[in-house]
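# pasting the sequence and the predicted coordinates here, then a few questions.
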Amino acid sequence: MSSDIVDKETLHQILIGREKLMKLSYDFGALVLFTSHQCGAEACLRARRQLLESWTYDPFDDLTTRKLPIEAVRSGLKVMCDQQKYPCVCKACFDRSARAREDFKVTFWSNLPSIFGLGSWDEVLADN
């Protein structure tokens with residue numbers, strides 16, 4: 001697809017919006033991985049370490065297979081209690097992750113139009 005099909009300003013809004021979405025995604029990941037409460041449970045530390053590795057490091061990365069924290073939001077952070085992949089994390093960490101997911105969804109959805117320079121949801125819906 002050629003960028004000639006999309007005007008320069010629209011392309012700029014799309015690219016800036018993508019960057020804002022990536023920042024939101026990594027902010028969410030940081031919140032889940034680096035909790036403010038002091039959990040020293042080995043299972044929680046191991047789960048966070050594995051999540052961090054899956055989000056940031058892939059020795060066979062061709063830039064199309066890299067996982068993003070937003071994928072954890074989509075799956076509801078069920079990965080944090082996947083018995084096959086991670087030993088079950090403690091209740092405090094699981095609850096914090098669930099709250100982070102809900103907060104992310106609200107922030108993401110309420111800000112989605114403005115992320116792409118479209119104003120508020122009211123403005124978007126009024127244009128239809």
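Arrived safely, thanks for sending.

# helices of this structure, residue ranges please.
Per DSSP state H, the chain carries helices over the ranges 8-33, 42-56, 69-74, 91-115, 121-126.

# I'd like to know how far residue 5 sits from residue 13.
Counting by Cβ to Cβ, to the nearest Å, the gap from residue 5 to residue 13 is 15 Å. (C-beta placed from N, C-alpha, C; glycine too.)

# now swap in residue 105 and tell me
Residue 105 is 23 Å from residue 13, by Cβ to Cβ.

# residue 46 too?
41 Å.

# go on, residue 26?
The value you get for residue 26 to residue 13, if Cβ to Cβ is used, is 21 Å.

# show me where this protein dips below the pLDDT cut-off.
Residue ranges of the chain with pLDDT under 70: 1-4, 35-37, 56-87, 128.

# try it again at 90.
For the chain, applying pLDDT under 90 flags the ranges 1-8, 10, 18-109, 117, 127-128.

# who has more neighbours, residue 5 and residue 13?
Taking other Cβ atoms under 10 Å, residue 5 and residue 13 do not tie; residue 13 has more neighbours (16 against 8).

# I figured that one hits residue 117, correct?
Yes. If you go by Cβ atoms under 8 Å, residue 13 and residue 117 touch, sitting 4.3 Å apart.

# list the contacts of stretch 118-128.
110, 112, 113, 114 (Cβ atoms under 8 Å, 6 or more residues apart in numbering).

# hmm, residue 14 is touching residue 21, no?
No. Assessed by Cβ under 8 Å, residue 14 is found out of contact with residue 21, at 10.5 Å.

# those two: who's more crowded?
residue 21 (17 against 14).

# surely that one touches residue 115?
Yes. With contact defined as Cβ under 8 Å, residue 21 counts as touching residue 115 (6.3 Å).

# which residues does the spatially closest residue to residue 17 that is not a sequence neighbour contact?
In space, and not counting its chain neighbours, residue 17 is closest to residue 116: 3.9 Å by Cβ to Cβ, 6 or more residues apart in numbering. Shown in contact with residue 116 (Cβ under 8 Å, 6+ apart): 13, 14, 16, 17.
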